[in-house]
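# Any chance you could fold what I've pasted below:
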Amino acid sequence: MDKYINLIKLSVGSESVDTLIEWQDSRKPLYADELPRHVTRMWPKREAEIVNGGSIYWVIKGVVQCRQRILRLDEVIGEDGIRRCAIVLEPEVHRTQNAQKRPFQGWRYLKPEDTPPDLPKGRSQDDALPDDLNRALAEIGVL
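Okay, here's the model as predicted:
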């Protein structure tokens, strides 16, 4: 298998995977390609590994719940003239097994062997567990 690395990021303001998707959908008109993206101040040094099959894993309410494949990194110059990195994502959101994650700032690299597996396709549409139960089960390693 080719060498790749993932990113992990808190989805600040998201209440669920569905609200993350809704937020990304609401921003589609801002971009000519209508692809979702996350803009960050720091440019990843391991760009070649990231775009070689990496995904961004989203932490929602303290739990890794989903991922999106990273397509490319685009340079963005803000209104303040500062260079930023737009992490351009595949629109499809893959739900993952839940994994507890402590808060952190920015994004972090995430090795493939440390990533939670994707949920089977049939389970991705299951009703979500209540947030407190979901966190408690993830804490004890059931999810």
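
# Run a quick neighbour tally on Ile21.
If you count neighbours by other Cβ atoms under 10 Å, Ile21 ends up with 17. (C-beta placed from N, C-alpha, C; glycine too.)

# repeat for the one 10 residues further on
Under the neighbour criterion other Cβ under 10 Å, Tyr31 is assigned a count of 13.

# got it, and the one 5 residues further on?
Residue neighbour count, defined by other Cβ under 10 Å, stands at 23 for Pro36.

# what does Asp118 give?
By the measure other Cβ under 10 Å, the count of residues near Asp118 is 15.

# To which secondary structure element type does Glu22 belong?
Taken by DSSP: H, G, I helix; E, B strand; the rest coil, the conformation at Glu22 corresponds to helix.

# buried ones in stretch 108-117?
110, 115-116 (16 or more other Cβ atoms under 10 Å).

# Same question for stretch 54-70.
Residues of stretch 54-70 classed as buried by neighbour count (16+ other Cβ under 10 Å): 54-60, 62-70.

# again with stretch 6-21
6-11, 14, 16-17, 20-21.

# Looking at the buried residues of stretch 108-117, which are in strands?
Within the buried residues of stretch 108-117, residues falling in strands by DSSP state E are Leu110.

# any idea which of the buried residues of stretch 108-117 is the one closest to Gln100?
Pro116 (10.0 Å; Cβ to Cβ).
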